[in-house]
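# Predicted model, plus sequence, below.
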Amino acid sequence: MMCIRDDSGTLRNGAQFSEERTRPNRNALCFNSTLYANARQMTANVSGTPRRLRPWYYPSLTVQIMIGLIVGGVIGWLRPEWGNAVYFLRDIFINLIKSIIAPLVFSTVVVGIAGAGALRKVGRMGIKALIYFEIVTTAALFIGLAVVNFTKPGVGVTLAPSNIDITKTIAQSHPRTLIETLVHVFPSSVIESMVHGDVLQIVVFAVLFAMAVSAIGEKGKPIIRAMESLSQVMFKFTNYVMMFAPFGVGAAMAHTIGTQGLRVLVNLGNLVLSLYLALIIFIVLIFGLVIFIVRAPLRQFVRAVREPAALAFATTSSESALPKAMQVMERIGVPKHIVGFVMPSGYSFNLDGSTLYLAMASVFVAQAAEATTGQHMGWDRQIMMMLALMITSKGVAAVPRASLVVLLATLNSFLPAGLGPIGVAVIFGVDELMDMGRTCVNLIGNCLATIVVARWEGEFDDERARVFGTTAEAELDLKSGDLAFADAVAQGD
């Protein structure tokens, strides 16, 4: 009989010792018997290829969201009055998502920086992120400028006075100056920042808080453990809220089609189509080039962003997709501290879709104004307008109707008095349809930014990316103790 000496030095029966040594690990990893049983089946098959855990007859969340979009669109088209009746479902979903953001972002940043000892990396990581943000948003501006000059959607559009009081719509807001933006990022009250959902202020406070936690050494360990638990709870809560996502996005689509229908595309269809053409070109050229340069795993990245991108598209809300996006980017191999820092910061400084939209919308109004003023805006003035947008488009995410605020302020500087508000009022009719596309691209851009910074820092986990979305991922999550992630994989998300 084979005997094995245990940790205390006592000789034990080999079979019994092996069984006793493995039992505690199994109990520690198995938060419920069903999930553990599933996880044990997550090994690779004979050929070594990981297998999917979700049964073929159980649709993924992406499929459920797409079904919700289609059903909602049909309801809004056939029964427009039903679109208004079910809109409250969209509001419930958005409110639930908003309740997740503050504790999730705060706990993720604190754990990522203080828990992982990444304090010295924050400054370097922030500089790299800002450099990438500026390069990509500048590319978005000039792609939008090129497409709008090629398709000329504003030619033939009349800038007639509108009944829409656009100044009331945007609440007399104005884009912040550089100094105002710098002052704004430092919160006077983190509670107020959480109430208003100001993600950038929450990130800044969380970074400073993490610095303080790291500075007190061992006494800060209980706080780190508490933040780790809070992060796991919020990711689990996100999984629960995502079950309601198909109903929320379906209600949002029913309302959009029911209230606006297709009639708004008759006069402004060229602008809408031009925007989506420009967004596709931007995704293929710029995002494709970035993915090639940083060697991002394309197939896994597409699989990771498809669900949060569908949420952002349907709800026209970046907030609705932020928790899910943070979760999947951690699962694909981006470290927690990079996800928690880069992605929320990107919602103020890396709005690729919104920046491209601003370039197109401003030139569209200038083209339409030419029939009224007889003045053609040449390339020199268009480039000057793009340079102005490079500054005014930064740090306005917290302003209501942020894109319209920036657009109106820019047009007032480059067009004769009175034409700016009229031009914005014309665009306002299709703004929600265009908002769907630009919000989706904003989300994809910020997800990609986390991979760029992670690769730049040499911290991207290629092994985790390789097994993302497969049954082997949940086995890895169980071993590392990421129960919320393992549960998400087990559900096929």
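Now that the structure is in, tell me what you want to look at.
# tell me the contacts of the residue with the shortest distance to the centre of the chain?
In the chain, the centroid-proximal residue (CA atoms, centre = their mean) is residue 443; its distance is 3.5 Å. Applying CB atoms under 8 Å, 6 or more residues apart in numbering to residue 443 gives the contacts 305, 308-309, 312, 318, 321, 325. C-beta coordinates here come from the backbone N, C-alpha and C atoms, glycine included.
# quick one: which of those is nearest residue 134?
Top of the list for closeness to residue 134, among the contacts of residue 443 and by CB to CB, is residue 318 at 19.4 Å.
# What does the pLDDT read for that closest one?
Looking at residue 318, its pLDDT stands at 76.
# what does residue 382 give?
So, for residue 382, pLDDT stands at 87.
# could you say what helices and strands the helix or strand hosting it packs with?
According to DSSP states H and E, residue 382 maps onto helix 379-392. Packing partners of helix 379-392 (3 or more CB pairs under 8 Å, 6 or more residues apart in numbering; DSSP states H and E): helix 121-151, helix 352-373, helix 402-414.
# Show residues contacting it.
So helix 379-392 is contacted by 137-138, 141-142, 145, 149, 175, 178, 355, 358-359, 362-363, 366, 377, 406, 409-410, 413-414 (CB under 8 Å, 6+ apart).
# mind redoing it with 6 Å?
141, 145, 175, 358, 362, 406, 410, 414 (CB atoms under 6 Å, 6 or more residues apart in numbering).
# and that helix with helix 402-414, angle?
140 degrees (axes from the mean of the first three to the mean of the last three CA atoms, to 10 degrees).
# tilt between helix 379-392 and helix 352-373?
140 degrees.
# How about helix 379-392, which residues are buried there?
Across helix 379-392, burial judged by 16 or more other CB atoms under 10 Å covers 382, 385-386, 388-390, 392.
# I'd like the residues you listed laid out as TSV, including distance to residue 349.
Shown next, in TSV, are these (distance: CB to CB, whole Å):
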residue	distance to residue 349
382	23
385	20
386	17
388	17
389	14
390	11
392	13
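# Closest to residue 420 out of these?
residue 385 (12.0 Å).
# Please report how far the closest residue to residue 149 other than its chain neighbours lies from residue 354.
Of all residues not flanking residue 149 in the chain, residue 363 sits nearest, at 6.8 Å (CB to CB, 6 or more residues apart in numbering). As judged by CB to CB, to the nearest Å, residue 363 and residue 354 stand 15 Å apart.
# which one of these two has more residues nearby?
Neighbours per residue (other CB atoms under 10 Å) separate residue 363 from residue 354, with residue 354 holding more: 25 against 22.
# that older thread, now the angle from the helix holding residue 382 to helix 121-151?
150 degrees.
# Helix 379-392: how far from the chain's middle?
27 Å (CA atoms, centre = their mean, to the nearest Å).
# Run through the strands of the stretch 1-150 of the chain in chain order.
3-5, 11-13 (DSSP state E, counting those that start in this stretch).
# Going by mean pLDDT, which of the ones you listed comes out lowest?
strand 3-5 (a mean of 49).
# As PDB, could you dump the C-alpha coordinates of stretch 76-95?
Coordinates of each C-alpha in stretch 76-95 appear next as PDB, following Å, rounded to 0.1, in the frame of the first residue of the first chain:
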ATOM      1  CA  GLY A  76     -43.500  50.300 -32.700                       C
ATOM      2  CA  TRP A  77     -44.200  50.100 -36.400                       C
ATOM      3  CA  LEU A  78     -47.600  48.300 -36.300                       C
ATOM      4  CA  ARG A  79     -48.800  49.700 -33.000                       C
ATOM      5  CA  PRO A  80     -47.100  53.100 -32.300                       C
ATOM      6  CA  GLU A  81     -49.300  53.800 -29.300                       C
ATOM      7  CA  TRP A  82     -47.900  50.600 -27.600                       C
ATOM      8  CA  GLY A  83     -44.400  52.100 -27.900                       C
ATOM      9  CA  ASN A  84     -45.300  54.800 -25.400                       C
ATOM     10  CA  ALA A  85     -47.100  52.400 -23.200                       C
ATOM     11  CA  VAL A  86     -44.100  50.100 -22.700                       C
ATOM     12  CA  TYR A  87     -41.500  52.800 -22.500                       C
ATOM     13  CA  PHE A  88     -41.400  52.500 -18.700                       C
ATOM     14  CA  LEU A  89     -39.700  49.200 -19.100                       C
ATOM     15  CA  ARG A  90     -36.700  51.000 -20.700                       C
ATOM     16  CA  ASP A  91     -36.700  53.500 -17.800                       C
ATOM     17  CA  ILE A  92     -36.700  50.600 -15.300                       C
ATOM     18  CA  PHE A  93     -33.800  48.900 -17.000                       C
ATOM     19  CA  ILE A  94     -31.700  52.200 -17.300                       C
ATOM     20  CA  ASN A  95     -32.400  53.000 -13.600                       C
END
